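**Student:** I need the structure of the sequence given here:
(one chain, ligands or ions: 1)
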Amino acid sequence: MCGVVAVLGKENASQLVVEGLKKLEYRGYDSAGIASVSQGLLQTIKSEGKLVNLTQKLHRSTKEKLYLNNSIAVGHTRWATHGNISFENAHPLTSENKIAIVHNGIIENFEILKKDLTSLGYNFKSKTDTEVLPHLFMKYIKLGNDLLEAGRLVLKDIKGAFAFVAMSVDFPNQLFVSRNSSPLAIGLGDNAKFIGSDAHSIDHLTQRIIYLEDGDHALLKINNLDIFDKDYKKVSRKIINIHAEIGLITKGGYNHFMEKEIFEQTVVLPQTTSSFIKNKSEIVIDFDKFGFKKKQSLIICAAGTSYYAGMVGKYWIEQIADIPVIVDLASEYRYRKPSIFGQSSMLVISQSGESLDTLMALRYGKELGLKTNAIVNVEGSTIDREVDYSLYTRVGPEIGVASTKSFTSQLVILFLIAVGLGKRFNNLKTFQIKKKCQLMNMLPSAVANMLETENQIKLVAKNIKNSKSVIFLGRGLLYPLALEGALKLKEISYIHAEGFAAGEMKHGPIALIEENVPVIMFLISDGNENKSISNLQEAHSRGAKIILIADKKCIDKAPFAHFTVEIPDFENEFQSSLSPLLMSIPAQLLAFHVAKERGTDVDQPRNLAKSVTVE
Ligand code: AGP
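**Tutor:** Model prediction:
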């Protein structure tokens with residue numbers, strides 16, 4: 001989603017901004033731009049598509065001396081919301097070539113503001129909501145306000161979620177910033193200031209970071225930073241020392257981040273496990289903090305893959321701890337007036353810690369009086385900072401837009417929450433707890449074995465790469481995985497894919513089956529496999545191409561399958577308890593190889609953003 005970077009007080013500011021934008025590429029974007037002020041002139045360069053187009057333009061303009069050296073610059077990667085992907089709609093957006101704005105979020109009342117500004121003679125060149133911002137600044141500066149005063153008047157006018165930076169030729173050594181629900185970090189340097197959508201985007205410039213709080217605005221000067229809260233009260237926000245992650249964010253010899261992230265699960269999952277299991281069977285989760293002083297229901301909210309992890313979590317927590325769980329899409333929760341009867345605790349799940357839907361659900365849960373907890377990967381993210389209690393997946397940066405290692409690590413924590421709650425409410429005996437912790441410790445080598453299915457998966461990928469539509473089926477713990485498998489495939493290969501609970505097929509989706517439609521089932525011998533095989537048989541009788549990803553026993557029971565991917569032999573309890581963790585490996589590999597076969601952009605698929613910071 002949109003990324004914002006700004007530099008104040010450093011030579012070659014534009015170049016440094018571009019370096020920051022490169023680090024935000026993983027978030028997903030479709031155009032980019034930079035602006036700077038030099039010798040009293042506002043210079044703007046924008047381009048559609050990837051950053052390389054922008055850097056080429058910048059390079060040419062610098063060579064031809066059309067673009068001047070500068071020590072103040074703002075930059076942006078845009079993920080289109082209002083207005084199509086075009087040069088005009090790319091940021092920075094300007095007014096009278098004197099003000100430049102970069103913005104992440106949505107100005108919800110832009111239409112009315114645009115009408116007023118148009119009647120005052122302001123000329124709109126783009127179809128964006130953002131363009132009201134530079135014109136509003138212009139209007140207030142023309143009335144004699146300085147940048148800070150103008151910014152405050154703008155904030156009074158606008159509604160919505162945003163993080164924006166304003167730069168003006170009239171105040172060439174200042175930047176105005178504000179945030180409301182969209183992420184923003186300020187970096188402190190020696191005689192310099194920096195701004196980024198996340199701390200990583202500016203960690204090549206400084207490791208001293210301040211996160212603005214919602215409703216804050218700030219005026220940055222080379223040697224000064226004034227932060228104000230929503231009531232204009234001067235405030236000081238905590239300075240956090242971060243560690244540069246530059247070394248970690250490489251493809252490590254793989255061609256794609258997603259591929260690397262799939263294969264490193266053997267190494268990173270133990271990082272998750274080891275922070276929650278001590279002395280072999282002690283689960284280190286503070287259930288008092290979590291809001292579980294007594295046995296009550298739990299509400300889980302999340303989006304996309306994290307939501308599917310939550311669905312698996314529900315199955316585990318209900319089975320293992322006998323605690324009722326409601327799982328809700330974060331984007332639905334806050335608008336449906338949920339009942340909190342019997343609940344004291346909310347768990348949100350988010351890799352980025354910045355998904356606005358999830359953040360809003362969390363804030364709503366807080367308002368309702370729930371204790372709030374998060375399973376989160378990015379420490380210091382907005383969700384991490386706002387919840388009462390965070391459980392970190394600690395799998396390192398995930399750059400591929402498709403979630404892989406974050407999903408499996410979320411599952412690890414959910415399983416341990418289930419076991420921990422089972423212990424707390426006496427639903428498990430000591431030997432059962434020990435056993436379940438042992439299962440977790442067997443996970444890395446099991447994941448390594450599952451990765452060995454890659455060659456079988458490649459054959460399936462070749463076979464289905466031209467399909468128009470693919471159906472995924474699963475039952476029980478593998479039902480959420482069918483949904484996840486379908487999401488993964490559609491997001492990076494652009495093939496239409498749907499996941500269903502195997503038993504639901506006959507209630508409608510079976511109408512979709514026609515000759516050669518691939519039906520992919522995840523199956524494990526868990527006592528219910530015969531039912532699923534019957535469901536598969538029903539699809540087979542109607543001409544579907546049957547692809548079974550299963551253990552040997554299940555495969556033997558379905559000789560009619562056209563393709564099979566045989567998973568290694570694991571101990572029964574391990575296999576049936578942790579099937580979603582195991583099966584997520586072939587699901588990820590399949591999506592990856594189909595995308596590769598089709599030549600799509602695996603790491604930055606079209607239209608998608610890694611961090612979804614609009615509602
Ligand atoms: C998964 O592959 C997706 N790219 C997406 O569904 C993602 O899981 C969702 O946007 C939630 O993100 P979060 O975990 O960072 O909150």
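
**Student:** Residue ranges in the stretch 351-500 of the chain under the pLDDT threshold?
**Tutor:** The model of the stretch 351-500 of the chain has no residue with pLDDT under 70.

**Student:** At which residues are the helices of it located?
**Tutor:** With DSSP state H, counting those that start in this stretch, the ranges of helices along the stretch 351-500 of the chain come out as 356-367, 382-386, 405-424, 430-451, 454-464, 479-493.

**Student:** Export those as JSON lines, with columns for distance to the ligand and mean neighbour count.
**Tutor:** (C-beta placed from N, C-alpha, C; glycine too.) Formatted as JSON lines, the helices of the stretch 351-500 of the chain follow (distance: least, Cβ to the nearest ligand atom, whole Å; neighbours: other Cβ atoms under 10 Å):
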{"stretch": "helix 356-367", "distance to the ligand": "5", "mean neighbour count": "22"}
{"stretch": "helix 382-386", "distance to the ligand": "8", "mean neighbour count": "21"}
{"stretch": "helix 405-424", "distance to the ligand": "6", "mean neighbour count": "26"}
{"stretch": "helix 430-451", "distance to the ligand": "18", "mean neighbour count": "17"}
{"stretch": "helix 454-464", "distance to the ligand": "18", "mean neighbour count": "18"}
{"stretch": "helix 479-493", "distance to the ligand": "6", "mean neighbour count": "26"}
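
**Student:** Show me what residue of the chain gets nearest to the ligand.
**Tutor:** For the chain and the ligand, the shortest gap (Cβ to the nearest ligand atom) falls at residue 304, measuring 1.8 Å.

**Student:** Any idea how many residues pack against that residue?
**Tutor:** Residue 304 sits with 24 neighbouring residues when counted by other Cβ atoms under 10 Å.

**Student:** pretty sure it is in contact with residue 406, am I right?
**Tutor:** No: using Cβ atoms under 8 Å, residue 304 is not in contact with residue 406; the gap is 10.4 Å.

**Student:** how about the residues of the stretch 201-350 of the chain that lie near the ligand?
**Tutor:** Within the stretch 201-350 of the chain, the residues that sit near the ligand (Cβ under 6 Å from any ligand atom) are 303, 304, 305, 306, 350.

**Student:** export those to a markdown table and tack on secondary structure and pLDDT?
**Tutor:** What follows is these, written out as a markdown table (DSSP: H, G, I helix; E, B strand; the rest coil; pLDDT from 0 to 100):
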| residue | secondary structure | pLDDT |
| --- | --- | --- |
| 303 | coil | 97 |
| 304 | helix | 97 |
| 305 | helix | 98 |
| 306 | helix | 98 |
| 350 | strand | 98 |
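
**Student:** Looking at the residues you listed, spot the one nearest residue 560.
**Tutor:** Checking those against residue 560 with Cβ to Cβ, the nearest one is residue 305 at 31.5 Å.

**Student:** For the residue nearest to that closest one when sequence neighbours are not counted, which residues are in contact?
**Tutor:** Closest residue in space to residue 305, ignoring its immediate chain neighbours: residue 403 at 4.0 Å, by Cβ to Cβ, 6 or more residues apart in numbering. By Cβ atoms under 8 Å, 6 or more residues apart in numbering, residue 403 lies in contact with 304, 305, 306, 351.

**Student:** Distance check, residue 403 against residue 484.
**Tutor:** Distance of residue 403 to residue 484, computed by Cβ to Cβ, to the nearest Å: 9 Å.

**Student:** Next, show the common contact partners of the two.
**Tutor:** Joint contacts of residue 403 and residue 484 (Cβ under 8 Å, 6+ apart) are residue 305.

**Student:** In JSON lines, list the helices of the stretch 351-500 of the chain along with distance to residue 615.
**Tutor:** Formatted as JSON lines, these follow (distance: least, Cβ to Cβ, whole Å):
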{"stretch": "helix 356-367", "distance to residue 615": "5"}
{"stretch": "helix 382-386", "distance to residue 615": "14"}
{"stretch": "helix 405-424", "distance to residue 615": "21"}
{"stretch": "helix 430-451", "distance to residue 615": "35"}
{"stretch": "helix 454-464", "distance to residue 615": "34"}
{"stretch": "helix 479-493", "distance to residue 615": "19"}
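
**Student:** of the ones you listed, which approaches residue 585 most closely?
**Tutor:** Residue 585 sits nearest to helix 430-451 of all the helices of the stretch 351-500 of the chain, at 3.9 Å, using Cβ to Cβ.

**Student:** May I have that closest one as CSV, with CA atoms only?
**Tutor:** The C-alpha coordinates for helix 430-451 follow below in CSV (Å, rounded to 0.1, in the frame of the first residue of the first chain):
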residue,chain,number,x,y,z
THR,A,430,0.5,-33.1,32.4
PHE,A,431,1.6,-35.9,30.0
GLN,A,432,-0.7,-34.6,27.3
ILE,A,433,0.8,-31.1,27.6
LYS,A,434,4.3,-32.6,27.4
LYS,A,435,3.3,-34.6,24.3
LYS,A,436,1.9,-31.6,22.6
CYS,A,437,5.0,-29.6,23.2
GLN,A,438,7.1,-32.5,21.8
LEU,A,439,4.9,-32.4,18.7
MET,A,440,5.9,-28.7,18.3
ASN,A,441,9.5,-29.6,18.6
MET,A,442,9.2,-32.1,15.8
LEU,A,443,7.8,-29.5,13.5
PRO,A,444,11.0,-28.1,11.8
SER,A,445,12.1,-31.5,10.5
ALA,A,446,8.6,-32.4,9.5
VAL,A,447,8.4,-29.1,7.5
ALA,A,448,11.7,-30.0,5.9
ASN,A,449,10.2,-33.4,4.8
MET,A,450,7.1,-31.6,3.5
LEU,A,451,9.3,-29.4,1.4
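
**Student:** what does it contact?
**Tutor:** 262-263, 265-267, 269-270, 273, 277, 280-281, 283, 320, 408, 412, 415-416, 419, 422-423, 428, 567-568, 570-571, 573-574, 577-578, 581-582, 585-586, 589.

**Student:** Tell me what angle that helix forms with helix 454-464.
**Tutor:** 60 degrees (axes from the mean of the first three to the mean of the last three Cα atoms, to 10 degrees).

**Student:** and the angle for helix 430-451 with helix 405-424?
**Tutor:** Inter-element angle recorded for helix 430-451 and helix 405-424: 170 degrees (by the same axes, to 10 degrees).

**Student:** Please parse this protein into its domains.
**Tutor:** Following automatic domain parsing, one finds the domains of the chain at 3-244, 251-441, 450-604.

**Student:** could the ones you listed be laid out in a markdown table, adding distance to residue 612?
**Tutor:** Converted to a markdown table, the domains of the chain look like this (distance: least, Cβ to Cβ, whole Å):
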| stretch | distance to residue 612 |
| --- | --- |
| domain 3-244 | 9 |
| domain 251-441 | 5 |
| domain 450-604 | 12 |
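
**Student:** related to what we said a few turns ago, now the residues of the stretch 201-350 of the chain next to the ligand: which count as buried?
**Tutor:** Applying 16 or more other Cβ atoms under 10 Å to these, the neighbour count classes 303, 304, 305, 306, 350 as buried.

**Student:** out of these, who's nearest residue 199?
**Tutor:** Distance to residue 199 across these (Cβ to Cβ) is lowest for residue 350, with 16.6 Å.
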